[in-house]
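> Provide a 3D model corresponding to the input given below.
(2 chains)
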Amino acid sequence: MSYANKRPGGRIMPARRLTPHVDPEKQFEKISQAIEEIYKHNASQLSFEELYRTAYGLVLSKNGPMLYSGVKQVLESHLKDRMYQDIYPHIDAAGGRPTSGACEALLASVRLLWSEHVTAMLVIKDVLMYVDKVYVKAAQLPTIYEMGMCVFRDQVLLASNQLLSNKVVDAIMFQILHERVGAGDVNRDTLRGVVNMMIELQDPRQLRPMYDVCVEKRLLAETGVYYADIARMRISEMGAPEYLRVAQANLDTELERAKDYLSPSTTPALTNSVLENLIEAYTLPILKIPNAGLIDMLDQRDTESLYTLYRLYKPFHSSMQVLRTCIYDHTLELGKKIMLGVESSSENTVTGGSPKPATDVSGIAARTAMALRWVQEVLSCYDVYDMLLKQSFADDQDMRNTIKDAFIEIINANARAPELLSLFIDDNLKNGLRRKTEQEIDHLLERCVLMFRFLKNKDTFEHYYKLHLAKRLLFGRSLSDDSEQSLVSKLKVECGSQFTLKLEGMFKDMQLSSDVNRELRESSIGSDLGFDLNVSVLTPTFWPTMASSGASSGPRVIAHETGTDNSGTRGSGNRDANNGTKAPASSGILIPSTGGISTAIEKFTSHYLKFHSGRRLTWQYGMGNADLKVHFRSRTHELNVSTYQMIILMLFVDGEQDISLTAEQIHIQTRIPFEPLARHLQSLACGKYKVLIKTPMSREISPSDVFVFNSGFKSPQYRIRIPVISARNNVETEQEKEASQAAIGQERQYVIEAAVVRIMKTRRQMTHEQLVNETVDQLSARFMASPKMIKSGIEKLIDREYLQRSADDPRLYLYLA
Amino acid sequence: MAADSTAVRLVSGDGFSFIVDRSVAEQSATIRNMLDMTRSTSLGAGAAMFTEALTSEVTFPEIKGKILEKVCQYLLYKKRFSSEGENIPEFSFDLEISLELLMAADYLDC
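Next comes the predicted model:
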């Protein structure tokens, strides 16, 4: 109450008692009797005010200690009586072989006594509030309520050497076990009540709830033993999926039990105790259960069981490690299987073939198909694991890395992976994207980029990709420009613009070329030609050097290629040839004068140089193609042939009738190198469409073979494409592979030297190890640089005086500005 | 007035009766305990109710009517202003009764 001094002069009246003083003993007697009445639920007969006032009076008259200890004694003797009355009979009954019913009776009686005691204490505490407020506080004693709890603990649970406490814990354990083994329902309300009692009461020695000290410890120990037994039995009887499912069900039941009538604080330890015995102790055995272990779950894509597995293993770091190792090993195993499968089936197709499969068309095609299958299968395998990662392993970071590492291993175990991946992309961009939705295409490209990310030798991939892309662009085989561009931009994101610079340059060249061609067509030159001429103007630094071109060009050179479409007709000959391909000025191939091809080349050259003076054009024929109208005896066909084939066919145009030429003669007249010439002759004379007739009729081409035009050629189709071997992208032959390796090796040497110089320029001086490590590190995004190559690079740089060895320390390199 | 509120009678030692709202009376912790009707036991709610709770009447033999009147004023004042942070007017009383008032406050825990 606030106080305001209104009348400073007023006199403070003394407090006087209205009721007479009474003997403290008698006063206490009132309280003592009231407590008994409260226990009997007779509070309504009592006046709260009177009891409160009595306690108030006792405290004010300094009789607090007497009151406090008196109340304690009353409580003690009351509980003692109740023990004899209500509890001991049940203890005796529960002695001997315990039964669920006896345990329930004991627990129920304890719980009833407890709840009555608590209720009474709540009332008593209120009545004696003034004692708590004034006396207990000053004397630093437990409050009345706390004192009441301790009395219960000491008089009931811990009396007679913890007799009841032990019996109660036994009974709780018995009931839990009873429930666990499914022997019948137990009264969970009773258990909950008793457990709550144990939680509320403090252990006298450890200052923790008695539940922690007595119940939880026993519970965890017994749970452990129980599940250790069960696990031992189950592991030999069940497959992993079932084992895991049952383990999860056990865990769920235990947690539900803990939540329902045990303490929430038990949950983590209980989970641990269950899983330690069911899972951790059998980490490896579960995974290795024959015919129903991890491998089988993975192979059957049992996402649900795997998810259970993951959840159960997750709490144990070491188990997770074992799981990851097993998955890693199995993935590698799969990778090997894919590799073996692909190899064995490719051997099957090739076995029995000639010892030189390089020229065996079907052999190469089959091996290419196998290569594509390898990529396809590795990617599908990855799809599966990616799906498992998301659906079963909760996108776990460590698991993701494990899978990633496994695939890096698988992919790089195949030395041809970069080439195969590029081939796979090539095949898809040429054929595979048909019948696919945009999403599927995007997914496919994503996967390709992913595989690319896993490649250690990215520069090798770049080498092949350029090669394959060049063919796609020059032959116009790409199905979708968008997909091409999107793939390049994805690679750019992955590896930076440096990496895709050349690829983008290739696209740019194609764009510029089409502009030039349009200009030409619209000008008078174009219309004079009598046929369509398409020339691709290529910047040599962007494009891979084609094996068939003799012309590697100088710095300023622009190589041209042309594809032409022409529909002229020549009365005299049986066929009309028109079209240009890449024509070389310098490579010495002779263009027959018929058909105006050479004129077209000249005209284009002068037209082009008019706008781009200072450039040099080198004509390349190896990659061009042409559409020819050819008059056969029965009808006219349009043939789509390569430039070389056009040149060959044009030799046969003029003759009155049957010009016959030997391969040797053709070689001399066209100056096409013999090896490509043989290939093209083969496809003209020995393929599905025999435009030329060869004598003798063998597959192999020898210089003395004679060719004549097949005027009796018949085909149901008007338009025919003569397949060109070189136009397809196939797995390289050993020979080509060596050439590629050499080219890549050379390129790497430059890159390494450049990197070494870059590093030394900033660091000025470094030891050999440091320099090698740093170089490997810097280049790891492109390829794995071998220390040997780096060493030779360093030596070359020393020779050229970019670096020098320190005079003091031979292992130290110094940078020379 | 809240729906659950009812009047209770507080009687002084010298026979004065004060009828106040239950929510006002319960501003005193002691009176609140006396009137507690919600104490439940295993036998159901109400079994632990005291006479005062059953009759809604409390007699204070030690408190004079004059003091109890002031106490009632104070309980009302406490209920009215205890939730407000500022602008609380002073509660005034005569200096003469200050000691007895103080004892009553201690007794009633308010």
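> quick one: residue B:100 from residue A:687, how far?
Distance of residue B:100 to residue A:687, given as C-beta to C-beta, to the nearest Å: 126 Å. For every residue, glycine as well, the C-beta is placed using N, CA and C.
> phi, psi of residue A:208?
Main-chain dihedrals, residue A:208, degrees, to the nearest 10: phi -130, psi 160.
> correct me, but it touches residue A:202?
Yes. If you go by C-beta atoms under 8 Å, residue A:208 and residue A:202 touch, sitting 7.0 Å apart.
> circling back: between residue B:100 and residue A:687, who's got more neighbours?
A count of neighbours by other C-beta atoms under 10 Å in any protein chain shown puts residue B:100 above the other of residue B:100 and residue A:687, at 20 against 14.
> what number of residues lie near the closest residue to residue B:32 other than its chain neighbours?
Distance criterion C-beta to C-beta, 6 or more residues apart in numbering or on different chains; nearest residue to residue B:32, sequence neighbours excluded, is residue B:26 at 4.3 Å. By other C-beta under 10 Å, 21 other residues sit near residue B:26.
> Could you give the secondary structure assignment for residue A:638?
At residue A:638 the chain is in strand, as set by DSSP: H, G, I helix; E, B strand; the rest coil.
> Just list the residues touching the residue nearest to it when sequence neighbours are not counted, thanks.
Nearest residue to residue A:638, sequence neighbours excluded (C-beta to C-beta, 6+ apart): residue A:719, at 4.7 Å. If you count contacts by C-beta atoms under 8 Å, 6 or more residues apart in numbering or on different chains, residue A:719 has them with A:637, A:638, A:639, A:640.
> When residue A:208 and residue A:202 are compared, which one has more neighbours?
Between residue A:208 and residue A:202, counted using other C-beta under 10 Å, the more crowded position is residue A:202 (18 against 11).
> For the more buried one, list each beta-bridge partner.
Note on residue A:202: beta-bridge partners by DSSP bridges are residue A:209.
> was I right about it contacting residue A:209?
Yes. Under the criterion of C-beta under 8 Å, residue A:202 makes contact with residue A:209 at 6.3 Å.
> So residue A:305 versus chain B, what's the distance?
48 Å (C-beta to the nearest C-beta, to the nearest Å).
> And the next helix or strand past the one helix or strand that residue maps to?
Assigned by DSSP states H and E, residue A:305 belongs to helix A:303-313. Sequence order places helix A:317-350 as the next helix or strand after helix A:303-313, per DSSP H and E.
> For that next one, the averaged confidence score.
Helix A:317-350 carries an average pLDDT of 82.
> what helix or strand does residue 79 sit in?
If you meant another chain, say so; for now it's chain A. Going by DSSP H and E, residue A:79 is in helix A:64-82.
> um, chain B though
Per DSSP H and E: helix B:65-81 holds residue B:79.
> Need the residues that contact that helix.
A:1, B:10, B:12-16, B:18, B:20, B:23-25, B:27-28, B:60, B:63, B:88-89, B:91, B:93, B:97, B:100-101, B:104-105, B:108, B:110.
> For it, C-alpha coordinates in CSV please.
Provided in CSV are the C-alpha atoms of helix B:65-81 (Å, rounded to 0.1, in the frame of the first residue of the first chain):
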residue,chain,number,x,y,z
GLY,B,65,-14.4,-2.3,9.9
LYS,B,66,-12.6,1.0,9.5
ILE,B,67,-9.5,-0.7,8.2
LEU,B,68,-11.4,-3.2,6.1
GLU,B,69,-13.2,-0.4,4.3
LYS,B,70,-9.9,1.1,3.4
VAL,B,71,-8.6,-2.3,2.3
CYS,B,72,-11.6,-2.7,0.0
GLN,B,73,-10.9,0.8,-1.5
TYR,B,74,-7.3,-0.2,-2.0
LEU,B,75,-8.2,-3.5,-3.7
LEU,B,76,-10.4,-1.7,-6.1
TYR,B,77,-7.7,0.9,-6.7
LYS,B,78,-5.2,-1.9,-7.3
LYS,B,79,-7.4,-3.6,-9.8
ARG,B,80,-8.1,-0.4,-11.6
PHE,B,81,-4.5,0.8,-11.9
